[in-house]
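Engineer: Model the structure of this input:
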Amino acid sequence: MRGASGAAGQALAVGVFAFVLGVAGSWIPSFWYDEVASVYASRRSLPDLIDLLRSTDIVHGAYYMGLHLWGEMFGFSEFSVRLPSAIAVGGAAAGVVVLASRVSSGPVALFSGILFALLPRVTWAAVEARSYALTAAAVVWLTVVLLVSLQSRARWWWVLYSLVLAMSIVLFVYLATIVAVHFLILLLHKKFRSAMLWWSGAVAASLLAIFPFLLAVLRQAGQVSWIPPLDGNLPRIVVEYQWFLGAPAFGIVFLVIVAAALFVRSGTGTGRPWRDGIVPMSLAWIIVPMVFMASYSLVRAPIYLDRYLTFTAPAVALLGGVALGRLAALRWWLPYLALGILAAALVPAYAEQRSQWAKPLQMDFSAANDFAASNVEPGDCVLFGKAAWNPSSQRLIEDVDPAAFTGTRRIGLAKDAAATGQLWDEELPLGDLAQQLSTCDVVWYFTDRERDEVENLRLSSNDKWALQPYDFEKSNDYALLSASGFRIDERVTFHVTQAVRLVR
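Structural biologist: The predicted structure is shown next:
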């Protein structure tokens, strides 16, 4: 009883540590494209949100629904919509401790939980208003339920396992790959024969219950058609971006620790025989989803993104925890020294993740929205143009918080996304707006920033961008506005967005 109490206290302490580390500075980064999608979808009325899920984006439906309810209570500020991710990171860290304590020793459980909280991919997920942190928490606790089911005589644990599995896959469909991981765990377990029937029934019941959801996801597969194919950059994605995002030094230190632990003969830290141990479970958890997604991407269609595999981060932490446990057999202080070095290696990436322009392509939708709230006057006309780095239009600035544009005349809208069940609005060509512009005295035009030459960028998602030169005064858009009688009165660039105030 005392051991269980100690493990629970340890899990709680590590969970709080992970939450505090994750939530710190979460309000600072400006929203980027994907986060605006979360906000814009979740702000909608429940009928409009259901229309969106039915026609376009059911794969994120559980997250959007949850964020809708959360936002109704706590609002849609940067801090508020990222807070569930930080909470999930704390819950996942606690789950890592609980999971490790069931298959290994107390020190390994502690080291694994702390390592999970420090992983750059995890500190990134904590400040991302998407479902990635929640996927890590879901898989960790699902695996805990699996192990309890294997060790308990109470069959209702298998019912709980079935329910949690179904909810996990609905949260993020790629979590279905954990079924294969759990089969391998079961295969190596001493109770394989007696538990196989119960496990198979639980999995079958889950898949049967969510079968309509899986069919809908397949019908909407075009939603991920933008994912780039795999190429020679894959090794870097796997070795660096996937778990050590923005912190290659952290990754190097981590790999050195794991490699060093291989030469330590003592088995201290594993706590159980190989068949029930933490190492094969962790390796399966890391390798199986990665191999499946890479194979599918090569054979069928690209689906591999580094951030999609956030749910494998707990397994990386578990391997690291075992390595630190083995080092403790040499000198008790070695794992603490290693954790200190890892924490120091994390600092630059951690600080960058919480800077204002931390998001991909240094997007600045929040900053532009804040500017509009302070500077655009009631009665002013507002137009949203295109930007080389924005697949939609700059109307995403308004989607961050429509209240920033209260009283303004937002012209140029062709199709309202909420009314049509789509994710994004559609704009009319500027050339079709002569009549609307004729009634405006002031126009705010949100567009791309100035660039003198092509900027070639490659993101961790393997997206390759060639941002073409842009000069607003030489653009066709300005020519059309000028022909309507407008001249530039003021220009402000936030970071990658430019706001131009035009008057007659």
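Engineer: Which strand or helix spans residue 499?
Structural biologist: If you go by DSSP states H and E, residue 499 is part of strand 497-503.
Engineer: residues in contact with that strand?
Structural biologist: Residues outside strand 497-503 that contact it (Cβ atoms under 8 Å, 6 or more residues apart in numbering): 364-365, 367-368, 371-372, 375, 387, 394, 397, 441-450, 472, 481, 486-493. For the C-beta atoms, the positions are set from N, CA and C on the backbone; glycine is no exception.
Engineer: go with 6 Å
Structural biologist: The contact list for strand 497-503, computed with Cβ atoms under 6 Å, 6 or more residues apart in numbering, reads 364, 368, 442-447, 449, 481, 486, 488-492.
Engineer: tell me the centre residue of this protein?
Structural biologist: residue 132 (3.8 Å; Cα atoms, centre = their mean).
Engineer: now the nearest residue to that one once chain neighbours are set aside: how far from residue 260?
Structural biologist: Nearest-residue entry for residue 132: residue 310, 4.0 Å, with adjacent residues in sequence omitted and distances by Cβ to Cβ, 6 or more residues apart in numbering. Counting by Cβ to Cβ, to the nearest Å, the gap from residue 310 to residue 260 is 26 Å.
Engineer: Identify each buried residue in stretch 433-450, please.
Structural biologist: 433, 436, 437, 440, 442, 443, 444, 445, 446, 447, 448, 449 (16 or more other Cβ atoms under 10 Å).
Engineer: Return the residues in contact with the first one.
Structural biologist: Applying Cβ under 6 Å, 6+ apart, we find residue 433 in contact with residue 412.
Engineer: Let me know the pLDDT of it.
Structural biologist: At residue 433, the pLDDT value in this model is 94.
Engineer: distance of it from residue 448?
Structural biologist: 19 Å.
Engineer: How about residue 486?
Structural biologist: Taken as Cβ to Cβ, the span from residue 486 to residue 448 is 18 Å.
Engineer: try residue 156
Structural biologist: Taking Cβ to Cβ, one finds residue 156 at 57 Å from residue 448.
Engineer: residues near residue 199, how many?
Structural biologist: The local packing of residue 199 (other Cβ atoms under 10 Å) involves 23 other residues.
Engineer: so what does the helix or strand where it lies touch, helix or strand wise?
Structural biologist: Assigned by DSSP H and E, residue 199 belongs to helix 192-209. Here helix 192-209 touches helix 156-171, helix 178-187, going by 3 or more Cβ pairs under 6 Å, 6 or more residues apart in numbering; DSSP states H and E.
Engineer: and residue 350, which of those helices is closest to it?
Structural biologist: Counting by Cβ to Cβ, residue 350 lies closest to helix 156-171 out of these; the figure is 26.1 Å.
Engineer: Just list the residues touching the closest residue to residue 159 other than its chain neighbours, thanks.
Structural biologist: The spatially closest residue to residue 159, leaving aside those adjacent along the chain, is residue 202, at 7.3 Å (Cβ to Cβ, 6+ apart). Residue 202 makes contact with 158, 161, 162 under the criterion Cβ under 6 Å, 6+ apart.
Engineer: make it 10 Å
Structural biologist: 145-146, 149, 155, 157-166, 182, 195 (Cβ atoms under 10 Å, 6 or more residues apart in numbering).
Engineer: picking that back up, ok, the contacts of strand 497-503 vs residue 421, which is closest?
Structural biologist: residue 446 (25.2 Å).
Engineer: quick one: strands adjacent to the helix or strand hosting that closest one?
Structural biologist: Assigning secondary structure by DSSP H and E places residue 446 in strand 442-448. Next to strand 442-448 in the sheet, as set by DSSP bridges, lie strand 381-384 (parallel), strand 497-503 (antiparallel).
Engineer: Show me the one of those that comes nearest residue 88.
Structural biologist: strand 497-503 (30.0 Å).
Engineer: Which of the residues in the closest one are classified as buried?
Structural biologist: Applying 16+ other Cβ under 10 Å to strand 497-503 flags 497, 498, 499, 500, 501, 502 as buried.
Engineer: And stretch 417-424, by the same measure?
Structural biologist: Buried residues in stretch 417-424 (16+ other Cβ under 10 Å): 417, 418, 421, 422, 423, 424.
Engineer: Kindly report the same for stretch 387-401.
Structural biologist: For stretch 387-401, by 16+ other Cβ under 10 Å, it's 387-390, 392-401.
Engineer: what's near enough to touch residue 209?
Structural biologist: 162, 163, 165, 166, 167, 169, 170 are the contacts of residue 209 under Cβ under 10 Å, 6+ apart.
Engineer: Any quick ChimeraX command for the buried ones out of the residues you listed?
Structural biologist: Typed into ChimeraX, the line below selects the buried ones among the contacts of residue 209, using 16+ other Cβ under 10 Å:
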select :162,163,165,166,167,169,170
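Engineer: Could you list the low-pLDDT ranges of this structure?
Structural biologist: 1-5, 265-276 (pLDDT under 70).
Engineer: how's it carved up into domains?
Structural biologist: The chain breaks down into these domains under automatic domain parsing: 2-27+77-353, 360-503.
Engineer: Redo the helices and strands packed on helix 192-209 as a markdown table? Include distance to residue 231.
Structural biologist: Formatted as a markdown table, the helices and strands packed on helix 192-209 follow (distance: least, Cβ to Cβ, whole Å):
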| stretch | distance to residue 231 |
| --- | --- |
| helix 156-171 | 29 |
| helix 178-187 | 26 |
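Engineer: for the ones you listed, which one sits closest to residue 238?
Structural biologist: helix 178-187 (17.4 Å).
Engineer: what's the offset of the closest one from the middle of its chain?
Structural biologist: 25 Å (Cα atoms, centre = their mean, to the nearest Å).
Engineer: Check stretch 486-501 too.
Structural biologist: 31 Å.
Engineer: Please report how far residue 244 lies from residue 250.
Structural biologist: 5 Å.
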